[in-house]
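Structure for the following, please:
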Amino acid sequence: MEYEAERPMPADSRTVFQVAADVWAMRHWIPEDVVLRPLADDLVEVRGRDRVLLRRVPDQLRLEWGILARPDYTGWLQVLDRADGRSSVLAHLSFLGDQPQNTGSKRVRAETQRLLEESLGRLAEEVTRRSVRT
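Numbers count the residues shown, from 1 in each chain. Okay, the predicted model is just below:
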C-alpha cells in the first residue's frame, strides 16, 4: 500500500530542507515518539517501534528511510521548488508486508494518511517557527 501527501511550505526549498533534515527539528514533526541518533553527516538512526535508517541527500533536497530489519517499509520526503519562490514537500510511504497499513481496514489506512498529512503540517509549523527566529 502506498501513501502520499503534499503540502506547500512557507519558505524556499533550501530552508525547508535544512529544517526537515535537522535532527532536532525532526523531533517536532515526525509522527511518533522516537529517539534520533546521528551516525554520519548524511545518516540518522531512528529508534521507535522499529529501527529505521534515515539518509539525507542534500543535493537532491531529499530524505529517504526504511526499516533495517526488513525491506517492507520505506519512505521518502522530497522538497520541491515552486514558481512563487516558495516550496512544497511531497512525502511518500510504502508498506509492502503484513503491517496493518498494508493489510488493514479502511480506518487504519485513513489514520495512516491523516498522520502523514499532520506530520507535514507540523513540518510547516517548524519551518515558520525557525524562519521567524532568523
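
and the residue most central in space within the chain, what does it touch?
Centroid-nearest residue in the chain, with Cα atoms, centre = their mean: L77, separated by 5.2 Å. Shown in contact with L77 (Cβ atoms under 8 Å, 6 or more residues apart in numbering): A20, R62, L63, V89, L90, A91, H92. Placement of C-beta: from N, CA and C, glycine included.

how much space between it and S87?
As judged by Cβ to Cβ, to the nearest Å, L77 and S87 stand 12 Å apart.

do V23 as well
Taking Cβ to Cβ as the measure, V23 falls 21 Å from S87.

and if you look at I30?
Distance from I30 to S87, counting by Cβ to Cβ: 19 Å.

neighbour-wise, which of the two wins?
S87 (22 against 17; other Cβ atoms under 10 Å).

Just to check, that one is in contact with A11?
Yes: the pair S87 and A11 passes the contact test of Cβ atoms under 8 Å, sitting 6.7 Å apart.

Identify the bridge partners of the residue nearest to E4 when sequence neighbours are not counted.
Spatially, and ignoring its direct neighbours in sequence, E4 is nearest to H92 (4.9 Å; Cβ to Cβ, 6 or more residues apart in numbering). Residues in a beta bridge with H92, per DSSP bridges, are E4, W76.

quick one, what contacts H92?
Counting by Cβ under 8 Å, 6+ apart, H92 has contacts E2, Y3, E4, G75, W76, L77, Q78.

Can you tell me which of these is nearest I67?
When these are compared for distance to I67 (Cβ to Cβ), G75 wins out at 9.8 Å.

Tell me the pLDDT of the residue lying closest to that closest one once chain neighbours are set aside.
In space, not counting the residues next to it along the chain, G75 is nearest to L93; the distance is 4.5 Å by Cβ to Cβ, 6+ apart. pLDDT, L93: 95.

again with V46
91.

Next: the one 10 residues further on.
If you check R56, the pLDDT there is 97.

What is the neighbour count of it?
Counted with other Cβ under 10 Å, R56 comes out at 21.

May I see the buried residues of the helix or strand hosting R107?
Using DSSP states H and E, R107 sits in helix 106-133. Residues of helix 106-133 classed as buried under the neighbour-count rule (16 or more other Cβ atoms under 10 Å) are R109, T112, L116, S119, L120, L123, A124, E126, V127, R130.
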